[in-house]
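Peer 1: my questions concern the predicted model and sequence given below.
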Amino acid sequence: MAREARILTGRVVAVTGGARGIGKSTAQALLRQGMKVGIGDLDVEAARATAAELGAGVEAFELDVTRRESVAAFLDGVEEKLGPLDVMVNNAGIMQLGSFLDEDDLTTQRQIDINVSGVLFGMKEALPRFLSRGSGHLVNIASSAGKAGFPGGATYCGTKHFVVGASEAVRGELRETPIEVSCVMPGIVNTELASGLQQARGVKNINPSDVADAIVDALRHPRFDVFVPKAIGPINQFLGILPRGGREAFARALKADKVLAEADPAARRAYELRAAHSEPGLEPGEESKQLTK
């Protein structure tokens, strides 16, 4: 018999990178469930605008996920304004594309600092709060790129592999506790981050609201693997039983090897420039290398 869905009304959730895209849609979906939502973003003005748009029950905070003290201050602020934390959604992330050998070191470091360290700091600050109260749900936003490597996005894929692996390991460490862990692995999402990407065969692009709805479902019916769309799950299982040559041939048949490698640099220009300024501790990398194939 299926377990009864968990009630989310009144619970407190913190969402990193909540000003736009998946983070904003997630905040909106959780608010509809009656949850109290704290959104953190480096662009605090955008976060405040989002909070004002979504209305009562949402609070905005400035957040730099590359600094653990900022993550701690964010969660302290959420708990002070909304109450004890029940759910942590580590959503903040960037994707800068291009040939691996052309990628400058600052671009590499920026993706590691945000996509890897940002998730680690979120887990390290949220989990002790959950454990002290004996309840909580950790949600890490990875990517279908965390299950395979795609040309044109080597560093990005590596960071998302890290999120999947770290999430699995932490879930194992928490197995004897009541803490839940979910890892969300979307395909191509129609956000600014995915501007100019090629379309793969067999897996449709999705909207931020689709990811948000999947997160809500994972909170109501806890599970670790959250593929969006769900079709990615069976494809991933099928690929897992193939030898490497078979997996790579299947990926080529789906044109998955072209999705990142042949992204339109002109369509991505605005996003890439914003991503280049997304970590205040680093100067932007060489834009010409970030904006070309």
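Peer 2: Received the coordinates, thanks. Keep in mind the model is a prediction, meaning the values are calculated, not measured.

Peer 1: which strands and helices lie in contact with the helix ranked longest in the chain?
Peer 2: Longest helix of the chain, by residue count under DSSP state H: helix 154-173. Judged by 3 or more C-beta pairs under 8 Å, 6 or more residues apart in numbering; DSSP states H and E, the packing partners of helix 154-173 are helix 105-111, helix 118-133, strand 137-141, strand 180-186. In this view, the C-beta of every residue, glycine as well, is placed from N, C-alpha and C.

Peer 1: distance to residue 52 and mean neighbour count for those - can I get that in TSV?
Peer 2: Shown next, in TSV, are the helices and strands packed on helix 154-173 (distance: least, C-beta to C-beta, whole Å; neighbours: other C-beta atoms under 10 Å):
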stretch	distance to residue 52	mean neighbour count
helix 105-111	29	19
helix 118-133	24	19
strand 137-141	24	25
strand 180-186	26	24
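
Peer 1: helices of the stretch 151-293 of the chain, start to end?
Peer 2: Counting by DSSP state H, counting those that start in this stretch, the stretch 151-293 of the chain has helices at residues 154-173, 208-220, 232-240, 244-253, 265-276, 287-290.

Peer 1: so what touches the fourth one?
Peer 2: With contact meaning C-beta atoms under 8 Å, 6 or more residues apart in numbering, helix 244-253 is reached by 148, 201, 239, 242, 257.

Peer 1: name the nearest residue to the first one, ignoring sequence neighbours.
Peer 2: It refers to residue 148. Spatial nearest neighbour of residue 148, chain neighbours left out: residue 251 (6.9 Å); criterion: C-beta to C-beta, 6 or more residues apart in numbering.

Peer 1: how much space separates the one you found from residue 258?
Peer 2: Taking C-beta to C-beta, to the nearest Å as the measure, residue 251 falls 10 Å from residue 258.

Peer 1: same deal with residue 224?
Peer 2: In this view, residue 224 and residue 258 are 30 Å apart by C-beta to C-beta.

Peer 1: neighbour count for those two, which is higher?
Peer 2: Neighbour comparison, residue 224 and residue 258: the larger count goes to residue 258, with 19 against 14 (by other C-beta atoms under 10 Å).

Peer 1: show the contacting residues for that one.
Peer 2: Residues near residue 258 by C-beta under 8 Å, 6+ apart: residue 198.

Peer 1: what of residue 193?
Peer 2: Here residue 193 is in contact with 21, 93, 94, 95, 271 (criterion: C-beta under 8 Å, 6+ apart).

Peer 1: neighbours around the closest residue in space to the third one that isn't next to it in sequence, how many?
Peer 2: Nearest in space to residue 94, with sequence neighbours left out and distances taken as C-beta to C-beta, 6+ apart, is residue 275 at 4.3 Å. Residue 275 sits with 24 neighbouring residues when counted by other C-beta under 10 Å.
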